[in-house]
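give me a 3D structure for the following:
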Amino acid sequence: MRIYLRGDLGSGKTTLIRGLLRALGVKDTVKSPSYPLVELYVVSRLNLYHFDFYRFLDAHEFDDAGLADYFHGEGVCLVEWPNGQAMPFLHPTLSSVWLIQAQERNQRERHLAQRESDV
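Predicted structure coming up:
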């Protein structure tokens, strides 16, 4: 399964993944894998792979990192910053867009929208 999360910096992509993993019982620290590219979390017999492709520009970087096998296995791939140019052949099972709108000072409103055109 592939779940792609799109949104601006600070829109809550990592927070959503952190909440999902906490709800599944993960006690480890959950942070955005910007530098290691992938973090593994194991829940029972299910492997959840948390990716961050913010810095990827093209498919060569994805190929060079050797990450394709993760996307063809039986685990769940949670992807922040999925880049169509870097991963053109990997279509998500679910794609969501996070939109943040300022309400008042120090308040934000989050909207989750699934767009079929991204799937």
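
can you map out the strands along this structure?
Secondary structure of the chain (DSSP state E): strands located at 2-7, 38-43, 46-52, 76-80, 94-102, 108-114.

pull out the buried residues from the second one.
If I follow you right, that is strand 38-43. 38-39, 41 (16 or more other Cβ atoms under 10 Å). Bear in mind the C-beta positions are built from the backbone N, C-alpha and C, glycine included.

weakest of the strands of the chain in terms of mean pLDDT?
Per-stretch mean pLDDT for the strands of the chain is lowest at strand 108-114 (a mean of 52).

I figured Y4 hits V79, correct?
Yes: the pair Y4 / V79 is scored as a contact, 4.9 Å apart, by Cβ atoms under 8 Å.

give me the common contacts of the two.
Counting by Cβ atoms under 8 Å, 6 or more residues apart in numbering, the common neighbours of Y4 and V79 are P92.

pull up the distance across stretch 80-91, start to finish.
The straight-line separation of the ends of stretch 80-91 (Cα to Cα, to the nearest Å) is 14 Å.

hang on, D28 packs against V42?
No: using Cβ under 8 Å, D28 is not in contact with V42; the gap is 9.5 Å.
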